[in-house]
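[1] below are the sequence and a predicted model for it; my questions follow.
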Amino acid sequence: MFAAVPGGSDVPAETSGTAAQSPESRRVLDVREVVAQIDVLVTQSWSDHALRPSMDATPGEWCRRLYLDTLGRIPTADEAQAYISLRKPTKRADLVRQLLSDDAHEVDYRRHWTTIWANLLIGRDGGEGTDNSVNRTALEEYLAIALRVNKPYDEMAYELLTATGHNRPTHQPFNGAVNFVLANENERRTLITAKTAQVFLGTHLQCVQCHNHPTNDM
């Protein structure tokens with residue numbers, strides 16, 4: 001779940017010889033290739049626009065950003081100092097693995113990413129208020145379970161898009177995932193189509209309803 005800097009020590013160097021590589025080794029090498037390609041494109045963009053990259057983050061800055069990105073909180077003073085004082089060349093990768101796999105951080109990770117996903121799927125205010133037909137709590141419970149069991153991304157997306165049942169636990173069959181479609185439902189299904197494209201495809205389709213658009217020819 002992380003990409004190390006090409007040429008650095010966070011990812012094992014490619015080994016020589018003709019021995020067959022394990023799937024894990026091939027995955028690591030694929031990550032290196034992807035990161036190298038991204039670096040080439042970013043560096044070219046800097047050159048094209050006469051930009052100078054920012055200075056590298058200090059160990060303390062990098063540690064703080066990682067905690068915020070993964071757990072939604074800053075490190076404690078002890079956690080930050082423990083990282084800064086390390087003298088291991090792999091300490092960045094080690095900390096990433098620790099935050100993503102250590103049971104001690106599971107609650108923070110799940111809380112943070114449940115909130116992020118709920119905001120993406122139904123908005124920050126979706127499901128708030130007693131008169132709202134969308135049940136935010138039920139959706140968050142579904143997401144929390146999916147994160148706790150490490151549900152594959154494609155399975156979670158499929159379940160959200162095809163969910164059936166009732167959105168409240170007082171009615172059966174209960175399924176908190178139905179709140180995604182419910183929150184983005186309208187008569188012509190245009191809202192859920194646009195939201196699905198935005199969240200899962202990274203593209204906006206709202207303008208297609210009224211204007212010529214590249215996707216019209218697809």
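    All right, it came through fine.
[2] what sits against the residue nearest to the spatial centre of the chain?
    Geometric centre of the chain, nearest residue: residue 113, 7.8 Å, by CA atoms, centre = their mean. Under the criterion of CB atoms under 8 Å, 6 or more residues apart in numbering, the contact partners of residue 113 comprise 72, 143, 147. C-beta here means a position set from N, CA and C on the backbone, and glycine is covered the same way.
[3] make sure it is indeed in a helix.
    Yes: looking at residue 113 with DSSP: H, G, I helix; E, B strand; the rest coil, it is inside a helix.
[4] neighbours of residue 100, how many?
    14 (other CB atoms under 10 Å).
[5] do the same with residue 95
    22.
[6] give me the pLDDT for it.
    Listed pLDDT for residue 95 reads 97.
[7] ok, and the closest non-adjacent residue to it?
    Nearest residue to residue 95, sequence neighbours excluded (CB to CB, 6 or more residues apart in numbering): residue 83, at 5.9 Å.
[8] over to the one you found: give its phi and psi.
    phi -70, psi -50 (degrees, to the nearest 10).
[9] residues touching it, list them.
    The contact partners of residue 83, by CB under 8 Å, 6+ apart, come to 59, 63, 75, 91, 95.
[10] if we can go back for a sec, and the residue nearest to the centre of the chain, how far is that from residue 151?
    12 Å (CB to CB, to the nearest Å).
[11] residue 161 belongs to a strand?
    No: with three-state DSSP as the criterion, residue 161 is helix rather than part of a strand.
[12] the longest helix in the protein is where?
    Longest helix of the chain, by residue count under DSSP state H: helix 23-48.
[13] so for it, mean pLDDT?
    The average of the pLDDT scores along helix 23-48 is 83.
[14] worst-scoring helix or strand of the protein, pLDDT-wise?
    Scoring the helices and strands of the chain by mean pLDDT, DSSP states H and E places helix 23-48 at the bottom, with a mean of 83.
[15] elements contacting that one?
    Other helices and strands packing on helix 23-48, by 3 or more CB pairs under 8 Å, 6 or more residues apart in numbering; DSSP states H and E, are absent; none qualifies.
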